[in-house]
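Asker: From the sequence below, what's the structure:
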Amino acid sequence: MVKRKYRGHTSAVQPTSKQTETFLKKRPVGDSSDTPSEPLDNRNAFRRRWVKVFAGLIFDGFFLLALMVFVFAGAPLAPFHGDEGMHIYSSIDHDILKRDGVLSLVTEPPYAIDSDAHFRLAAGSVYRHALGFVRYLAGVGPEHLPPRPGWLWVASFEQNVAAGFFPKLELIALGRTTSSLFLALAALPAFWLGWLIWRRPGAWLLSGLLIMQPAVLLNGRRAMQEGCLLFFGLLTLAVAGWLAKEMQAGKKPRLLGWLGLAMAGGLALASKLSGLCFLVPSLVLVSVAMGRFGRIKDFAPHLAAPVLAGMGAFIIYLALSPGLWNKPWERLRDQAAIRTELIGYLNDGAGAGFWKQAARLVGMPLLTSPQYFEVAEWADTPGLADAVQAYETSPFYGLGGAAFWGWGVVSLAAFGGWQAVYKKDRFGISLLVGLILCAAMLFPNPLPWERYYLPLLPFWLSLAVFGLSVRFR
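Answerer: Residues are numbered from 1 along each chain as shown. The predicted model follows:
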């Protein structure tokens, strides 16, 4: 029924079939006057795009959550290490801080071995205060801690147990929960770094392979410093990678990025001195991304920001290390002397030989099984063999076949490095330089201890993911 207007009045007239046919024939093809099909198509495409993004975020969230749950699930099964007792005891610094103030944590010579001052200079401060705060939340006071220094390495396992140095199970659980939390959170910057390299495939590969690596799981779950080292170290590397990617795209680096790099680097240093193996390569990585190839003089104008970020990281490290506040430069010399003395004491000569130490740069983080202990006498610890077997046969051990996938990572990293140089990909070359510099910093280490080589793993995996991205992108 249609309405027709005739000189002031309207009448309802039923159109005939002939009129309808004539109207349809005259109507132009594709006329959208009655049905706005083009805006509707745009709206549908917009909705489909956001549904796809939302679904991807859900899958990413479930993937990261699964990695985090996996870390926590295997923590109670990890075989005990004597250093766990020492780090659990060191959380007494948090109680001293609350009771006597921060100035009670300053140090001065002499430094008796295994004294509080000695350990404050030898180890980082982030984990001990994090564990102290977790103990405070759980209502576990300092009276429940083992005696100083937490573990006597000159004594046998049985003697330590008899003297009360073996921590209570509640303390071990709290210590491992704290460390596992840092390791679980390390999946986030690893995911971010992988996304910068190859978006979602790179993010899943890098974070999954890193967190599922057995040596990372073992050391990150234990009540020691490796969990927070990996979290803040990976955060430092991810922020540096983001800055490098921004510069590769021709964008001006943001002040927030440089502040984030300084903050993350300072926390990595305060977690463990091995954080230098993340901070220095990250600063150089950004510097390489800022320059032009073949023109070294063009690097100089761009070095101010990385240098300032490095200085900021050092200032944050000092602020988080009260043991260095009393005449900082003298305490830093004392710290270097203590670390040198400890390494010399622990070195049994196994680190001699150029090729043996070079092989560790590949073998330790990639090709070997987890190192459950470093001292040979620890092999006779009662119940250790059963604990190792139970851990390795559990579903929370991590990726098996280290030699198989380890050589795959090495091959892909070599391919990625070659492609980066061949194609003059600035971001890829930055990753390659980071790997080389981290390896150079770890090369003089004489101790064949697997956990000391963990900082190399993110660089190996990053370059391997880059190689895959070049091949399949």
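Asker: Would you mind listing where this structure has pLDDT under the threshold?
Answerer: Within the chain, the stretches with pLDDT under 70 are 1-38, 40, 291-301, 348-352.
Asker: Can you tell me the closest non-neighbouring residue to the residue nearest the centre of it?
Answerer: Most central in the chain under C-alpha atoms, centre = their mean is residue 234, positioned 3.0 Å from the mean C-alpha point. Spatial nearest neighbour of residue 234, excluding adjacent residues (C-beta to C-beta, 6 or more residues apart in numbering): residue 189 at 4.1 Å. C-beta: built from backbone N, CA, C; applies to glycine.
Asker: is it fair to say the one you found lies in a helix?
Answerer: Yes: the assignment for residue 189 by DSSP: H, G, I helix; E, B strand; the rest coil puts it in a helix.
Asker: so it touches residue 241, yeah?
Answerer: No: look at residue 189 against residue 241 with C-beta atoms under 8 Å: they stay out of range, at 9.3 Å.
Asker: right, and the residue nearest to the centre of the chain touches residue 459 too?
Answerer: No: judged on C-beta under 8 Å, residue 234 makes no contact with residue 459 at a distance of 10.6 Å.
Asker: now stretch 262-278, how far from the centre of its chain.
Answerer: Chain-centre distance of stretch 262-278: 11 Å, with C-alpha atoms, centre = their mean, to the nearest Å.
Asker: could you pull out the helices for the stretch 201-350 of the chain?
Answerer: Along the stretch 201-350 of the chain, counting by DSSP state H, counting those that start in this stretch, helices occupy 214-221, 226-248, 255-271, 276-290, 304-319, 328-346.
Asker: And those helices: which comes nearest residue 405?
Answerer: Among those, helix 214-221 comes nearest to residue 405, with 10.9 Å by C-beta to C-beta.
Asker: what's next to the closest one, contact-wise?
Answerer: Residues from elsewhere that reach helix 214-221 (C-beta atoms under 8 Å, 6 or more residues apart in numbering): 71, 74-75, 78, 176, 179-180, 182-183, 186, 210-211, 226-227, 230, 365, 368-372, 391, 396-400, 402, 450-451, 454, 457.
Asker: hmm, back to that, can you add distance to residue 138 and give the helices of the stretch 201-350 of the chain back as a markdown table?
Answerer: Output for the helices of the stretch 201-350 of the chain, formatted as a markdown table (distance: least, C-beta to C-beta, whole Å):
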| stretch | distance to residue 138 |
| --- | --- |
| helix 214-221 | 18 |
| helix 226-248 | 18 |
| helix 255-271 | 22 |
| helix 276-290 | 30 |
| helix 304-319 | 27 |
| helix 328-346 | 31 |
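Asker: Out of the ones you listed, flag the one nearest residue 383.
Answerer: Short answer: helix 214-221, nearest of the helices of the stretch 201-350 of the chain by C-beta to C-beta, at 17.0 Å.
Asker: Can I get that closest one as CSV, trimmed to CA atoms?
Answerer: Provided in CSV are the C-alpha atoms of helix 214-221 (Å, rounded to 0.1, in the frame of the first residue of the first chain):
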residue,chain,number,x,y,z
PRO,A,214,64.5,-27.6,32.5
ALA,A,215,67.4,-25.6,33.9
VAL,A,216,65.3,-22.4,34.0
LEU,A,217,62.5,-24.2,35.8
LEU,A,218,64.8,-25.9,38.3
ASN,A,219,66.8,-22.8,39.3
GLY,A,220,63.8,-20.4,39.1
ARG,A,221,61.7,-22.6,41.3
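Asker: re the thing from before, for the residue nearest to the centre of the chain, give me its contacts.
Answerer: Residue 234 is in contact with 186, 189-190, 193, 210, 278, 458, counting by C-beta under 8 Å, 6+ apart.
Asker: for residue 84, same thing?
Answerer: If a contact means C-beta under 8 Å, 6+ apart, then residue 84 has 151, 167, 172, 175-176, 222-224 as its contacts.
Asker: Which of those sits closest to residue 83?
Answerer: Closest approach between the contacts of residue 84 and residue 83, by C-beta to C-beta: residue 224, at 5.5 Å.
Asker: what's near enough to touch that closest one?
Answerer: 81, 83-84, 87, 127, 179, 451.
Asker: ok, residue 161 to residue 406 distance?
Answerer: Distance of residue 161 to residue 406, computed by C-beta to C-beta, to the nearest Å: 36 Å.
Asker: These two - which one has more neighbours?
Answerer: Set residue 161 next to residue 406 and count neighbours by other C-beta atoms under 10 Å: residue 406 wins out with 19 against 12.
Asker: Please, which helix or strand holds that one?
Answerer: Applying DSSP states H and E as the criterion places residue 406 in helix 402-422.
Asker: Which residues does that helix contact?
Answerer: Identification of contacts with helix 402-422 by C-beta under 8 Å, 6+ apart yields 209, 214, 362, 366-369, 399, 425, 427-429, 431-432, 435, 460-461, 463-468, 470-471.
Asker: mind listing what's buried in stretch 150-157?
Answerer: Across stretch 150-157, burial judged by 16 or more other C-beta atoms under 10 Å covers 150-153, 157.
Asker: on that earlier part again, which of the contacts of residue 84 are buried?
Answerer: For the contacts of residue 84, a burial check counting by 16+ other C-beta under 10 Å picks out 151, 167, 172, 175-176, 222-224.
Asker: Turn those residues into CSV, including distance to residue 46.
Answerer: Below are the buried ones among the contacts of residue 84 laid out as CSV (distance: C-beta to C-beta, whole Å):
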residue, distance to residue 46
151, 61
167, 57
172, 53
175, 50
176, 47
222, 49
223, 50
224, 50
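Asker: ok, those vs residue 205, which is closest?
Answerer: Of all the buried ones among the contacts of residue 84, residue 222 has the smallest distance to residue 205: 25.8 Å, by C-beta to C-beta.
Asker: any idea how far that closest one lies from residue 370?
Answerer: Remark: distance between residue 222 and residue 370 (C-beta to C-beta) = 11 Å.
Asker: rewinding a little: for the contacts of residue 234, could you give me TSV that also reports neighbour count and distance to residue 141?
Answerer: Compiled in TSV, the contacts of residue 234 are given as follows (neighbours: other C-beta atoms under 10 Å; distance: C-beta to C-beta, whole Å):
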residue	neighbour count	distance to residue 141
186	29	30
189	26	34
190	29	36
193	27	40
210	25	36
278	30	34
458	29	37
